[in-house]
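Student: Compute the structure for the input listed below.
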Amino acid sequence: MMTNQKNPLTTVVSYPERGAGGSNQYRGNCSPKLIEDLIAQFNVKNICDYMCGSNTTRDAAAVMGISSHTYDLHSGFDLLHSDIPERPEYIFWHPPYWDIIQYSDVMYQASEVQRRFGYDPRLFDLSRIPTWDGFVQAMNYCMMKQFCALEKGGRMAVLVGDIKKKGKLFSMLFELTKPGTLENVLIKTQHNCVSDRRHYGGRFIPIVHEYVLLLRKDAPLQVPLLMSYRVGGDMRDMPGATWRDIVAGVLESCNGCASLEEIYRQVEGHKRAQTHQWWKEKVRQTLQINPRIFEKAEKGVWRLIRAA
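Tutor: Sure thing, here's the model as predicted:
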């Protein structure tokens with residue numbers, strides 16, 4: 001086994017020269033140097049990859065002189081439904097970044113997979129899931145399935161990125177379930193991407209990095225889970241919102257102007273009013289002591305002063 005580490009890992013990794021391994025024509029592939037450095041850092045003896053793409057992990061393992069087990073949807077293994085054959089020591093996982101790059105019937109022929117293995121890969125391809133919530137659900141199922149398969153003391157390295165659409169960030173890092181012990185998060189700079197040749201205008205900030213999460217399974221059955229949930233909230237029920245913020249929010253919801261009675265109506269019944277006996281008096285006081293934010297439009301009617 002080769003243990004010479006050319007690039008000792010830090011929390012920021014960069015591989016301007018991709019190196020040999022896998023195929024640089026297979027879109028979304030990563031540098032084999034990252035996998036080689038992970039193998040050396042953790043003295044890995046066997047590595048598994050259940051979405052191996054162009055088999056970069058297999059080739060990196062060969063360079064490092066260790067064994068590997070690699071699978072993919074295009075070669076007869078469906079991570080959503082197939083049983084994981086191994087009890088892995090180490091898993092490298094680089095899932096699709098939602099639908100940024102579609103794989104089945106783009107990077108390989110779905111009809112050929114169906115002929116050889118008897119299923120249509122487009123039905124189980126994470127990159128073809130139409131909604132973000134559906135993708136996150138499938139991604140987290142695959143995450144937990146792989147982590148549960150690890151032997152005690154085993155590790156996962158998960159390479160994920162962010163997606164920007166119509167002014168909104170969809171972050172795999174934040175919405176990925178993180179089981180076990182989170183050892184590190186590495187920032188990996190991106191190089192030689194198709195998007196590098198595009199010019200963006202306005203306020204768009206290009207994404208030029210990815211994340212490598214390093215997780216360890218310390219216990220055979222009971223493991224901690226770090227999970228993200230998206231829930232709705234109302235400022236009128238939040239402990240951190242001030243009366244000024246609540247009243248300003250009510251006026252904004254009324255196109256900047258509302259009667260005192262309408263403000264009362266929109267505050268009543270919410271936690272802030274329920275926990276303050278004299279809440280109507282507090283609303284009036286808030287309007288009166290913030291002259292740079294609120295002004296009286298007419299008797300009994302208040303207006304929000306817009307920032308210049």
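Student: Where does Arg58 fall, secondary structure wise?
Tutor: Here Arg58, judged by DSSP states H and E, is contained in helix 56-63.
Student: Give the rounded mean pLDDT of that helix.
Tutor: Mean pLDDT, helix 56-63: 97.
Student: same check, this time on stretch 190-207
Tutor: Rounded mean pLDDT across stretch 190-207 is 72.
Student: residue ranges of the strands in the protein, please?
Tutor: Here the chain has its strands, by DSSP state E, at 12-13, 46-49, 67-70, 90-93, 155-160, 162-165, 168-171, 178-179, 181-189, 209-216, 225-226, 257-259, 294-298, 301-304.
Student: Can you tell me what sits against the helix holding Arg58?
Tutor: Helix 56-63 has contacts (Cβ atoms under 8 Å, 6 or more residues apart in numbering) with 2, 20-22, 29-33, 35-36, 39, 47, 49, 52, 67-68, 70, 92. Any C-beta I mention is one placed from the backbone N, CA and C, and that applies to glycine too.
Student: Just the buried subset of these, written out for PyMOL, thanks.
Tutor: Buried residues among the contacts of helix 56-63 (16 or more other Cβ atoms under 10 Å), as a PyMOL selection:
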select buried, resi 21+22+29+30+31+32+33+35+36+39+47+49+52+68+70+92
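Student: Contacts only, for Arg292.
Tutor: Neighbours of Arg292 in contact, by Cβ under 8 Å, 6+ apart: Ile305.
Student: What number of residues are in the vicinity of Ile289?
Tutor: 11 (other Cβ atoms under 10 Å).
Student: what about the residue nearest to Phe77 when sequence neighbours are not counted, how many residues close to it?
Tutor: Closest residue to Phe77 apart from its sequence neighbours, by Cβ to Cβ, 6 or more residues apart in numbering: Tyr71 at 3.5 Å. As a burial measure, Tyr71 scores 20 neighbours (other Cβ under 10 Å).
Student: do the one 4 residues further on as well
Tutor: Ser75 has 14 neighbours, counted by other Cβ under 10 Å.
Student: again with Asp234
Tutor: Neighbour tally, Asp234, other Cβ under 10 Å: 12.
Student: Might one say that it is in contact with Gly269?
Tutor: No: in this structure, Asp234 is not within contact of Gly269 by Cβ atoms under 8 Å, at 10.7 Å.
Student: Pull the contacting residues for Phe42.
Tutor: Tyr90, Arg155.
Student: Okay, it and Glu89: tell me how far apart.
Tutor: Distance from Phe42 to Glu89, counting by Cβ to Cβ, to the nearest Å: 9 Å.
Student: Which neighbours do these two have in common?
Tutor: Shared contacts of Phe42 and Glu89 (Cβ under 8 Å, 6+ apart): Arg155.
Student: which regions of the chain sit below the pLDDT cut-off?
Tutor: 1-7, 193-201, 308 (pLDDT under 70).
Student: Show me the residue at the heart of it, geometrically.
Tutor: Note on the chain: the residue nearest the mean C-alpha position is Met172, at 1.1 Å, using Cα atoms, centre = their mean.
Student: so that residue makes contact with Cys142?
Tutor: No: when contacts are counted by Cβ under 8 Å, Met172 is not listed as touching Cys142 (11.9 Å).
Student: okay, and the common contacts of the two?
Tutor: Pro95.
Student: so where do the helices sit in the chain?
Tutor: 32-41, 56-63, 110-117, 132-149, 172-175, 243-253, 260-267, 271-274, 279-288 (DSSP state H).
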